[in-house]
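S.K.: Predicted model and sequence follow; I will ask about them next.
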Amino acid sequence: MSDRPVIIVTGCSSGIGAYCARALKAEGWRVFATVRKVEDLAALEADGIESLILDYTDEATITAAVTEIAGRTGGRIDALFNNGAYGQVGAVEDLPTAALRLQLETNVLGWHELTRQVIPYMRKRCAGRIVQCSSILGIVPFRYRGAYTASKFALEGLSLTLRMELAGSGIEVSLIEPGPIESRFTANALVKLHENIDLENSPHAADYARQLARLGGKGAINRHKLGPDAVHAVLRHALTAKKPKPHYPVTVPAKQGILLKRLLPSALFYRLMGRVD
Ligand SMILES: NC(=O)c1ccc[n+]([C@@H]2O[C@H](COP(=O)([O-])OP(=O)(O)OC[C@H]3O[C@@H](n4cnc5c(N)ncnc54)[C@H](OP(=O)(O)O)[C@@H]3O)[C@@H](O)[C@H]2O)c1
């Protein structure tokens, strides 16, 4: 049996998960990286990373993955990095309830189920780290991101409550709140936008067209985009520091958003936020 600390990282087919799984392995962790699709297993296995299928919307895959990992490690799970998610774009009034439901199933309820299944292994060892990849949109709302904002606000609420409830158990809970990070996130969000939002017949049609036209451009926020290594840097702190923080904002826009929310009168803050896109 290996004595390397064991971490589960979800959503490792691309972006932050793909980067962090490899970086953590290089730092000496025994990484169990999960993906949704069978075809995404090979790239991780090729880099010597143990990989499994896990889809947050399918509880059976969560149970199967946790059982398999615990079987391979003799019940040792030191850390969990909940990361796999997507963004459902679209104005709140245009959002089919089914699309909102799937957003919450994926970004909140699936994370909750995996976390619940992992905690007993951590409790047995009186130690563990749970790190949630939230978003600045878990603290500051954003126009046309209502579903995603709701999912990350819910995640913040659940995770901070869990942090307080686990105080003294040896298990620490932290949230990472990135701003714009290089990944497939925007491309994946575009697919969901076209899948679920009736763009032409919306009262927001002109806004959608304008936003789609300048997508990928260097808007005020995207100018500050960082690589996934920026998330890994704070993840490492959350996993190894003696006193991991509750919040780890990443990127300049994320830090500015939090500061402005704290300092400005709320009516002014939301008026200003309403102009950002
Ligand atoms: N990129 C940013 O600007 C940014 C900013 C703030 C927060 N975040 C957060 O960072 C995390 C990682 O996103 P990313 O930027 O690396 O985007 P990404 O490149 O799109 O990666 C997202 C990962 O989540 C997986 N995923 C999607 N639905 C899933 C499900 N039902 N079950 C399990 N996994 C699922 C995707 O798998 P498939 O390939 O199969 O779809 C993919 O592996 C997310 O929690 C996101 O909310 C990102």
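M.R.: Nice, I can see it.
S.K.: Please give me every residue in contact with the closest residue to the ligand within the chain.
M.R.: Nearest to the ligand, among the residues of the chain, is G15, at 2.2 Å (C-beta to the nearest ligand atom). To be clear about C-beta, it is placed using only N, CA and C from the backbone, and glycine gets the same treatment. Residues near G15 by C-beta atoms under 8 Å, 6 or more residues apart in numbering: I181, E182, S183, R184, F185, P228.
S.K.: repeat that for 6 Å
M.R.: Shown in contact with G15 (C-beta atoms under 6 Å, 6 or more residues apart in numbering): S183, R184.
S.K.: just Y56 next, same as before
M.R.: Counted by C-beta under 6 Å, 6+ apart, Y56 has contacts T106, G110.
S.K.: That one: which element?
M.R.: Taking DSSP states H and E as the definition, one finds Y56 inside no helix or strand.
S.K.: Give the burial count for the residue nearest to E182 when sequence neighbours are not counted, as a bare number.
M.R.: Counting by C-beta to C-beta, 6 or more residues apart in numbering, E182 lies nearest to G227, which is 5.1 Å off, once chain neighbours are set aside. By other C-beta atoms under 10 Å, 12 other residues sit near G227.
S.K.: same deal with K225?
M.R.: The local packing of K225 (other C-beta under 10 Å) involves 17 other residues.
S.K.: Name the nearest residue to it, sequence neighbours excluded.
M.R.: K225 sits nearest to P180 (C-beta to C-beta, 6+ apart), 4.2 Å away.
S.K.: tell me, how many neighbours does that neighbour end up with?
M.R.: Residues near P180, counting by other C-beta under 10 Å: 21.
S.K.: got it, and R4?
M.R.: Residues within reach of R4, counting by other C-beta under 10 Å, total 15.
S.K.: same question, the one 3 residues further on
M.R.: If you count neighbours by other C-beta under 10 Å, I7 ends up with 24.
S.K.: thought it was touching W29?
M.R.: Yes. I7 is in contact with W29 according to C-beta atoms under 6 Å; the separation is 5.0 Å.
S.K.: Please list the residues of the protein that sit near the ligand.
M.R.: 10-17, 35-37, 54-57, 83-86, 106, 133, 135, 178, 180-181, 183-185, 188 (C-beta under 6 Å from any ligand atom).
S.K.: any chance you could map the helices in the chain?
M.R.: For the chain, the helices defined by DSSP state H occupy 15-26, 41-46, 59-73, 97-104, 110-125, 146-165, 185-196, 205-213, 229-240, 252-263, 266-273.
S.K.: In terms of mean pLDDT, which of these ranks lowest?
M.R.: Per-stretch mean pLDDT for the helices of the chain is lowest at helix 205-213 (a mean of 93).
S.K.: hmm, back to that, the residue nearest to E182 and P180 touch, don't they?
M.R.: No. Using C-beta under 6 Å, G227 makes no contact with P180, being 10.7 Å away.
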